[in-house]
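K.L.:
Below is the sequence, then the predicted model.
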Amino acid sequence: MNWLTAWALILIIVTNGCGIGLEDSAGPDAARELKNEKLREEYNAIRGTYTGDMQLIQGKQNFPIRLYLWTGEIQESPLPGDLKPGIRVVLRARLMQAQFIGDSDNLILTGQYDVVTGRLRLDPDMEISRTPTGCRLGGQDPITISGFTTDGKIGGKVLRNGQEWATFSLLQRISTDVSLGSALSEEQEYQRLQQTYAPVTGIYEGSLSRRVCGTIERKEEFSLWLYIERIQEGTGGNGAPCFVPRLALRTLRHFEGELSDITYRSISRFDPGSFLPQFTSAKSKLTLDFKNSHLLGEIFTSGRWGSFDVARKNTQVRAPEDETLLARERLERTFSLFTGVYTGQVKAYSKKDWPVRLQVYVDETTLNGSRVPTLLALYKRPDFSDDTIGARLMQVTVAMDGCRPMLYMKSEPTGGGTIPGVGLMRFASEFVNGELSGELVDHRGPQGIMNLRRE
C-alpha cells in the first residue's frame, strides 16, 4: 500500500510539473491571442460605416460626415521571454466629409473601444496613414476623436491641437462595409477629388477688375482653370517620387502683365463657409466664392490686387499641347494694341524741329529654343536718307499695369567706328488714345520731345 501510494505521488508531481512547463512555453502567446480574439469580437460589433452631422464649435456650421470603423493590428515589442514580437488588435477609423474635401479626410486613426463603458478613443496614426507606396496624401491634419456608443449609434467630439474643435451627433450605422474608408492610394484620392469637385471644376471666362493709380478702374478679359493636378511632394518608401493629387487653379490674363499666368494650389482643404478653399502661389494668394454658377474671387499681393467674376464655359480643363501657345497668344493680343504707323515730329531742344515716321510691328525672335513674338519700332526721318542718323530699329517693351500702358523703345549701339555709342536711341511714352509723347535720346544725349499720332 505504501509502495502504491509513493508511485501515485511521484506520478502526480511529474504530471503537474510537465503541465507547468507547457504553460510557461506557450502561455504568453496563447494569452495574447485569447485577448486579441476578444477584442476582435468587441470591435467587430461596432465595425461599419456611420453617417450623420458634425458641428464646428466656432461658427456653428453643420455639415454631413462619414465615420468608418474597422479592426487592425499593430506589432508590439516582445514580452520578457518571448522570441518574436507580439501582435495587438486595435480599432481603426477614418473621418471624412460627405460632400466636401476635409482637412483630415485621409487621416487614419488608431485607438480602443471599451465595451463595458461604451467609450472609444481614436488618435492620429501618421505612419499607417501613408499609401501602400509610402506616400503622404493631402488631408491628413491630425485630429483626435473622443466618443461613445449608445444603442448602436456613436456620438462624441473632435479635438484639434488639444482643443475641442467640433462635435457630432449620434451617427447612424448604414453598413458594415468599410472598403471605401480604409483604402488609401494616390489613384483613389485622385478619383475622389475628381468626383467631389466635379460641380465646379472646368474652364471659366469673365472679367478682371483692377484699381490703378488710386482711382482708375480697369477691366479686362480673364480666364480661370480649376482642376485636379498631380503634384510631386516628397518620396515614397522605395525612394520613388510621390505624385499627390490636389485641387489647383490657374489664372490667365487676356494681356501680358503682372500675374499674367499664375498657378495656385490649395492651402485650405475645406472651408465650411464656402465650397472652395484658399489658394496660394509664390507671388500671390487668391480666395474664391461659388455663387450661381459663377466664381467670384479676389487676388492679393501686398494688398488687394484685383477681383474677378467668371462663369464656367467648359467642364473639362485641357491644357494646350504646346504650353508656349498660351504665352504667344497673350503677347500677340497685347502687341496688337500698339501696332501701326505713327507720324509726327520732334520738337528739338537746340536745333530745328524735324518730322518722324514710326512704324510699330510684330516680328518673331527665339527665346529658350522657342519662337515667340517680339514688338519692334522702326524710326525714320523722312527728310533724311536711310543712314545711321536717319533710321533706327528699336526693340519695344510693353508695361500694361501702370496708370496707362507704357512703351519703352531702345536700340543698342552698333559699335565700331570713331563715334562713341553711335546707333543708340531711346524713347519712352504712355499710350493714350493712339498718341505717343516723350523725350527722344540718341548717342549725343536728349534731342527733344517726340509727339506722334497713329494714322
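P.N.:
Ah, there it is.

K.L.:
Least confident secondary structure element in the protein?
P.N.:
helix 2-44 (a mean of 62; mean pLDDT, DSSP states H and E).

K.L.:
Name the spans of this structure whose pLDDT lies under the cut-off.
P.N.:
1-28, 78-84, 268-275, 385-389, 416-417 (pLDDT under 70).

K.L.:
give me every residue that touches residue 258.
P.N.:
If you count contacts by C-beta atoms under 8 Å, 6 or more residues apart in numbering, residue 258 has them with 305, 401. In short, each C-beta sits where N, CA and C put it, glycine included.

K.L.:
Surely it is in a helix?
P.N.:
No: counting by DSSP: H, G, I helix; E, B strand; the rest coil, one finds residue 258 to be coil, located in no helix.

K.L.:
can you pull the contacts of the residue nearest the centre of the chain?
P.N.:
With distances taken as C-alpha atoms, centre = their mean, the residue of the chain nearest its centroid is residue 265 (1.9 Å). Going by C-beta under 8 Å, 6+ apart, residue 265 touches 229, 231, 246-249, 279-281.

K.L.:
Which strand residues bridge it?
P.N.:
Taking DSSP bridges as the rule, residue 265 bridges to residue 248, residue 280.

K.L.:
For it, give its distance to residue 131.
P.N.:
Separation of residue 265 from residue 131 (C-beta to C-beta, to the nearest Å) stands at 19 Å.

K.L.:
can you check residue 92 too?
P.N.:
Note on residue 92: its distance to residue 131, by C-beta to C-beta, is 15 Å.

K.L.:
And those two? Which one has more around it.
P.N.:
residue 92 (23 against 20; other C-beta atoms under 10 Å).

K.L.:
In what element of secondary structure is that one found?
P.N.:
strand 86-97 (DSSP states H and E).

K.L.:
Walk me through which strands that strand pairs with, and which way each runs.
P.N.:
Partners of strand 86-97 in its sheet, by DSSP bridges: strand 62-76 (antiparallel), strand 109-113 (antiparallel).

K.L.:
looking at the ones you listed, which is buried most?
P.N.:
Among these, strand 109-113 has the highest mean neighbour count (mean count of other C-beta atoms under 10 Å), at a mean of 20.

K.L.:
counting contacts, what elements does whichever helix or strand comes after that one pack onto?
P.N.:
Remark: after strand 109-113, the chain's next helix or strand is strand 119-124, criterion DSSP H and E. Here strand 119-124 touches strand 86-97, strand 109-113, strand 144-150, going by 3 or more C-beta pairs under 8 Å, 6 or more residues apart in numbering; DSSP states H and E.

K.L.:
Measure how the shortest one sits relative to strand 144-150, angle-wise.
P.N.:
This points to strand 109-113. 30 degrees (axes from the mean of the first three to the mean of the last three C-alpha atoms, to 10 degrees).

K.L.:
what distance separates strand 109-113 from the centre of its chain?
P.N.:
The gap between where strand 109-113 is centred and where its chain is centred comes out at 31 Å by C-alpha atoms, centre = their mean, to the nearest Å.

K.L.:
Give me the contact list for that strand.
P.N.:
With C-beta under 8 Å, 6+ apart as the criterion, strand 109-113 contacts 42-43, 46, 72, 74, 90-95, 119-125, 128, 143-145, 149.

K.L.:
Helices of this structure, residue ranges please.
P.N.:
With helices called from DSSP state H, the chain shows them at 2-44, 179-182, 186-196, 324-336.

K.L.:
Spatially nearest residue to residue 237, not counting backbone neighbours?
P.N.:
Nearest residue to residue 237, sequence neighbours excluded (C-beta to C-beta, 6 or more residues apart in numbering): residue 134, at 2.8 Å.

K.L.:
meant to ask about residue 233
P.N.:
Per C-beta to C-beta, 6+ apart, closest to residue 233 is residue 244, 4.7 Å.

K.L.:
again, but for residue 221
P.N.:
Nearest one to residue 221, counting by C-beta to C-beta, 6+ apart, is residue 254 at 3.7 Å.

K.L.:
I'd guessed residue 186 sits against residue 243; true?
P.N.:
Yes: look at residue 186 against residue 243 with C-beta atoms under 8 Å: they come within range, at 6.2 Å.

K.L.:
got any residues that touch both of these two?
P.N.:
Common contact partners of residue 186 and residue 243 (C-beta under 8 Å, 6+ apart): residue 230.

K.L.:
which stretches of the stretch 251-400 of the chain form strands?
P.N.:
261-266, 279-280, 285-291, 294-300, 304-314, 340-348, 354-367, 370-380, 391-399 (DSSP state E, counting those that start in this stretch).

K.L.:
Could you pull out the strands in the stretch 101-250 of the chain for me?
P.N.:
109-113, 119-124, 144-150, 153-160, 163-175, 202-212, 216-235, 241-253.

K.L.:
Could I get the buried residue list for the second one?
P.N.:
Along strand 119-124, the positions that meet the burial threshold by neighbour count (16 or more other C-beta atoms under 10 Å) are 120-122, 124.

K.L.:
same question, the fourth one
P.N.:
The neighbour-count check on strand 153-160 (16+ other C-beta under 10 Å) flags 154, 156-159 as buried.

K.L.:
any idea how far residue 343 is from residue 210?
P.N.:
Taking C-beta to C-beta, one finds residue 343 at 33 Å from residue 210.

K.L.:
between the two, which one's more packed in?
P.N.:
Between residue 343 and residue 210, residue 210 has the larger neighbour count (other C-beta under 10 Å), namely 20 against 14.

K.L.:
quick one: contacts for that one?
P.N.:
Contacts of residue 210 (C-beta under 8 Å, 6+ apart): 217-220, 305-306, 401.

K.L.:
one step back: same list (the buried residues of strand 153-160) but as TSV, adding distance to residue 432.
P.N.:
Formatted as TSV, these follow (distance: C-beta to C-beta, whole Å):
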residue	distance to residue 432
154	69
156	66
157	63
158	59
159	61
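
K.L.:
And the furthest pair within these?
P.N.:
By the measure C-beta to C-beta, 154 and 159 form the most distant pair in these, at 15.7 Å.

K.L.:
and the residue nearest to residue 153 when sequence neighbours are not counted, what is it in contact with?
P.N.:
For residue 153, ignoring the flanking residues on the chain, the nearest one in space by C-beta to C-beta, 6+ apart is residue 170 at 4.0 Å. By C-beta under 8 Å, 6+ apart, residue 170 lies in contact with 52, 150, 153-155.
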